[in-house]
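# Return a 3D structure for these sequence lines:
(2 chains)
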Amino acid sequence: MKKLLAIVTIIALVFSLASCGAKEATTTPPPAQSSDQNNTDTQTQPSDEKVTLRMITWVQESNERAIAELNAKFSEKYPNVSFVVDTVNANDYPTLQNTRITAGDVDIITNLSAFDTYPQDFTIGADKPAWETFILSGAYLDITDQPFIKNWDPNMIANAVSYKGRVYGIDVGAVGFNGVFYNKKIFDQYGFKEPGTWAEFENICNTLKANNITPITVGGADSWPLTSVGVSAMVGAFEKDLNEYAKGLWTGTRKLNDERSMQLWKRFEQLVSWLEPNCMAISYGDAPGRFVAGKAAMMIDGTWNSAAIEDLDPNFEYGYFPIPGDVDGKPNQLQGKYDMQFNIYANSPHKDWALKYFDFLSQKEVYGPFVSALGFFPTMPGVETSNEFVNSLADKNQNFSLAWEKFIITPKGIGQYAAGQCFNINLLKALGGTVDSVEELANLAQQDWEAAVAAAKAAQ
Amino acid sequence: MPLGTGIRVIKGDNMQASRTSFKKWSLVLGIIPAVFLQLTLGIGPSIATFILSFTDISGVKGVPWKFIGLANYRELFFQQNSRDLIQVIQNTIIFCVAVTVIQNLIAIFIALALNSKMIRGRSFYRSVVFMPSVLGVLVTSLVWLCVLNPMDGPVAKFIGLFGLQSGFFKSNSSALACVIFTQIWMAMGHSMVINLAGLQSIPNELYEAGEIDGTSGWQKFRYITFPLLWPTINVNILLAVIGSLQSFQIILFTTGGRNMATQTLAARVVYYAFNINAGSGAAAMRQGYGAAWAMFLFVFILTATLIYVRAMKRREELT
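Numbers count the residues shown, from 1 in each chain, chains lettered A, B, ... in the order given. Alright, predicted model coming up:
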């Protein structure tokens, strides 16, 4: 009996441990599967069997609509192919990505951004990004040798979708997110022009407030529209060299509460005072509705969300300007990132059709309408967007650069006051937090930063 | 004859022995499925979690992993911001104590009221009180997110009449209180039903005897109801302690799980192990590190339970 129980116990434990489903470390990661290894040629027709391609993406109305249109066109050309597109909130998207890849329940993956924000020599002990984990796990199909790659901007291929010389995806456009949408009617009513300096911006907001018009709204409930988009815009407008600022924080030559940073904190304090009351309860999806309804004259957001405004009211007159910063006379140019990236799940049973889909997307006549519907800046040479809003930003897109979000990497285990992008203004009392003033918050953030860097050094 | 008898006797012994042996084996065979399930779904994963807490396993299929000794624990205790770690422990204790005490007090009070014959339609009220337990975490969270919506919610409008306003789940100062309230609203029905069963098992004769002796209502409660209901309350308290320490779903659905104001140990485990609500640009899942947090939570729950059980034992000894 004892023997029997022992056997049962061992079997049960083996089952439990086996359910962890991972392999012991190997000395080298498994090589990513190359599309060539499957002898897949996108020029040849895959089988005509009925196929359902499983896609995942995040909730963003304009993106979802553009993808639906693209998929419909593909299905029109290849009637045996249909699509299932699953979406979740952007905050939850990394979880969906993890679980679907782990379960092998996906064919085409969209990524929130490019392969960027990689730990640097000064970012001691920082976590590797999720995208590298997926590449090392062999989840993304290596598409380096596919003929359609040459249709795309070589800079995008090199900087946004490559890892160690191999190409793992296509990035379908760039976006700016260092500014605000503004209501042209309200601006005209008060004789405002797009502000070129902080003083002009300050004047606009104060005048609006004096006239009982809420200056700015934001979807604060989702956190990132304020702590990522808003903060990136403010830091990007103020600091001359974002990489130097990030490096300075790590090496100690800059502090989050030094004199210069305090000037920025003071501007954050002003910005908070111009935000719609209770904006931390407004979801990202609801913010455009409030903006179009005239609840606020401006809305912090990225250029990608123009379609949401137009959907609500096609006749609504609006514009977009980067938040100005006049300290170093920095021009008000767009800062942002490469946005949505498409990848193929390497173990997909429908790799051939997924590659066909990529090939289809890589044709100018298909990509043009797609990128116009997305509201992104094109990443394919010779393709111009027909999106009026994107074209209206041409003068602000002469010197496009990466936003603060792409430079800042925080140390492991960082405290809440300096987490994310270092300026956690949502912890101010005015926004529902517990900290009374920006001075106090700046000191707490610097303490958290120093403690985390010291701990990272000690762990080395 | 004697031989035959003898043979019969021997046969009888054998039969008895084989019957005993059969009974023994049938018992063993009978408990094997339960032991197997308990080991596979209970003890096995717990041991696996303990082992994995010494690895850098990510949980992403195909990613190589290795044993890293105590690195996860070092990171948890020494690299993790100490103020945040203390706040997480503090939140866990506040959540556990508040939920356990308030939930049980209300559950006892409602059970007493709904056990009283003076109330008409008791079955209806019992169903109403129990209903939130059936709704589940997601529905409960959605209901209270709507009711406590700071922009247009009915409560916000009502307190607005008095010139007050609150961010409810969205404000760091009120978020934890709102989560505690929602958890109590959801779980109280269960405690009430258990208390009700306990109350109904108290023999009526005791109350009748008490009435003959001229006891007041309060004396009846103090000397008859409470002592006889105590074992039931005891179970309820233990269930509430363990349940609230393990609870993370209500936090995840109402405040997103990232807000430090409502982070508990259980929410932290989920946050690291499954990269929940981490946003873009985050690192991939860190199930090895999450497992270290889970072990910390395990030790925390074990300590709390042992302290409680010991205190109860001492109480029993004293009485």
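
# Buried residues in stretch A:252-266, which are they?
Neighbour counts over stretch A:252-266 (16 or more other C-beta atoms under 10 Å in any protein chain shown) mark A:R254, A:K255, A:L256, A:N257, A:S261, A:L264, A:W265 as buried. From N, CA and C alone the C-beta is placed, and that goes for glycine too.

# can I get those in a markdown table with distance to chain B?
Formatted as a markdown table, the buried residues of stretch A:252-266 follow (distance: C-beta to the nearest C-beta, whole Å):
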| residue | distance to chain B |
| --- | --- |
| A:R254 | 20 |
| A:K255 | 17 |
| A:L256 | 15 |
| A:N257 | 17 |
| A:S261 | 20 |
| A:L264 | 22 |
| A:W265 | 19 |
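
# Show the contacting residues for B:F296.
With contacts defined as C-beta atoms under 8 Å, 6 or more residues apart in numbering or on different chains, B:F296 is in contact with B:L76, B:L265.

# That one sits in which helix or strand?
helix B:287-318 (DSSP states H and E).

# Tell me where the chain is predicted with low confidence.
All of this refers to chain A. Applying pLDDT under 70 to chain A flags the ranges A:1-45, A:327-331.

# ah, I was thinking of chain B
Across chain B, residues meeting the criterion (pLDDT under 70) sit at B:1-13, B:276-284, B:319.

# got the domain boundaries for chain B?
Recorded structural domains for chain B (assignment: automatic domain parsing) are B:1-52, B:71-318.

# that older thread, include distance to A:N243 and secondary structure when you put the buried residues of stretch A:252-266 into JSON lines, please.
Output for those, formatted as JSON lines (distance: C-beta to C-beta, whole Å; DSSP: H, G, I helix; E, B strand; the rest coil):
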{"residue": "A:R254", "distance to A:N243": "12", "secondary structure": "coil"}
{"residue": "A:K255", "distance to A:N243": "17", "secondary structure": "coil"}
{"residue": "A:L256", "distance to A:N243": "17", "secondary structure": "coil"}
{"residue": "A:N257", "distance to A:N243": "21", "secondary structure": "coil"}
{"residue": "A:S261", "distance to A:N243": "16", "secondary structure": "helix"}
{"residue": "A:L264", "distance to A:N243": "17", "secondary structure": "helix"}
{"residue": "A:W265", "distance to A:N243": "21", "secondary structure": "helix"}
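
# Which member of those is positioned nearest B:I242?
Nearest to B:I242 out of the buried residues of stretch A:252-266 is A:L256 (C-beta to C-beta; 41.1 Å).

# counting contacts, what elements does the helix or strand harbouring A:V371 pack onto?
Using DSSP H and E, A:V371 sits in helix A:364-374. Counting contacts by 3 or more C-beta pairs under 8 Å, 6 or more residues apart in numbering or on different chains; DSSP states H and E, helix A:364-374 packs against helix A:61-77, helix A:351-361.

# Repeat the analysis, applying 6 Å as the threshold.
Contacts defined by 3 or more C-beta pairs under 6 Å, 6 or more residues apart in numbering or on different chains; DSSP states H and E place helix A:364-374 against helix A:61-77.

# about what we covered before: give me whichever of the domains of chain B is most buried.
Comparing these by mean neighbour count (mean count of other C-beta atoms under 10 Å in any protein chain shown), domain B:71-318 ranks first with a mean of 18.

# Could you tell me whether A:V175 really is in a strand?
Yes. Residue state for A:V175 (DSSP: H, G, I helix; E, B strand; the rest coil) corresponds to a strand.

# What's opposite it in the beta bridge?
A:V175 forms beta bridges with A:K337, as assigned by DSSP bridges.

# If you count neighbours, what's buried in stretch A:338-354?
A:338-348, A:350-354.

# what about dumping the CA coordinates of it to CSV?
Extracted as CSV, the C-alpha positions of stretch A:338-354 are listed here (Å, rounded to 0.1, in the frame of the first residue of the first chain):
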residue,chain,number,x,y,z
TYR,A,338,7.2,53.7,-34.8
ASP,A,339,3.8,52.4,-33.9
MET,A,340,2.0,49.2,-34.9
GLN,A,341,4.2,46.3,-35.9
PHE,A,342,3.0,43.1,-37.5
ASN,A,343,4.7,39.8,-36.7
ILE,A,344,4.0,36.2,-37.8
TYR,A,345,3.8,33.5,-35.1
ALA,A,346,6.6,31.2,-36.0
ASN,A,347,4.7,28.0,-35.2
SER,A,348,1.5,29.0,-36.9
PRO,A,349,0.0,26.3,-39.0
HIS,A,350,-0.9,29.0,-41.6
LYS,A,351,2.5,30.6,-42.0
ASP,A,352,2.2,30.5,-45.8
TRP,A,353,-1.1,32.5,-45.7
ALA,A,354,0.3,34.9,-43.1
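
# Tell me if it is near chain B.
No. Figure legend: stretch A:338-354 not in contact with chain B (C-beta under 6 Å from any C-beta of the partner chain); closest approach 8.8 Å.

# who's in contact with that stretch?
Stretch A:338-354 is touched from outside by A:33, A:40, A:46, A:51, A:53, A:81, A:104, A:106-111, A:114, A:138-141, A:160, A:169-175, A:376, with contacts defined as C-beta atoms under 6 Å, 6 or more residues apart in numbering or on different chains.

# Tell me where the stretch 1-150 of chain B has helices.
Secondary structure of the stretch 1-150 of chain B (DSSP state H, counting those that start in this stretch): helices at B:2-38, B:44-52, B:71-74, B:82-115, B:122-147.

# and of these, who's closest to chain A?
helix B:44-52 (2.5 Å; C-beta to the nearest C-beta).

# Tell me the helices and strands packed up against that closest one.
Packed next to helix B:44-52, using 3+ C-beta pairs under 6 Å, 6+ apart, are helix A:2-18, helix B:287-318.

# Mind giving me the PyMOL command for buried ones among the contacts of stretch A:338-354?
A single PyMOL command selects the buried members of these (16+ other C-beta under 10 Å):
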select buried, chain A and resi 33+40+46+51+53+81+106+107+108+109+110+111+114+138+139+140+141+160+169+170+171+172+173+174+175+376
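
# from the middle of its chain, how far away would stretch B:155-169 be?
32 Å (C-alpha atoms, centre = their mean, to the nearest Å).

# Export only the CA atoms of it, formatted as PDB.
Only the C-alpha atoms of stretch B:155-169 are listed here, as PDB (Å, rounded to 0.1, in the frame of the first residue of the first chain):
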ATOM      1  CA  VAL B 155     -23.200  58.400  -5.500                       C
ATOM      2  CA  ALA B 156     -21.100  61.200  -7.000                       C
ATOM      3  CA  LYS B 157     -24.200  63.100  -7.900                       C
ATOM      4  CA  PHE B 158     -25.700  62.600  -4.500                       C
ATOM      5  CA  ILE B 159     -22.700  63.700  -2.500                       C
ATOM      6  CA  GLY B 160     -22.400  66.600  -5.100                       C
ATOM      7  CA  LEU B 161     -25.600  67.900  -3.700                       C
ATOM      8  CA  PHE B 162     -23.700  68.600  -0.500                       C
ATOM      9  CA  GLY B 163     -20.800  70.100  -2.300                       C
ATOM     10  CA  LEU B 164     -18.600  67.000  -1.900                       C
ATOM     11  CA  GLN B 165     -16.700  65.000  -4.400                       C
ATOM     12  CA  SER B 166     -14.500  61.900  -4.500                       C
ATOM     13  CA  GLY B 167     -12.500  60.000  -7.000                       C
ATOM     14  CA  PHE B 168     -13.700  56.700  -5.300                       C
ATOM     15  CA  PHE B 169     -11.800  53.900  -7.000                       C
END
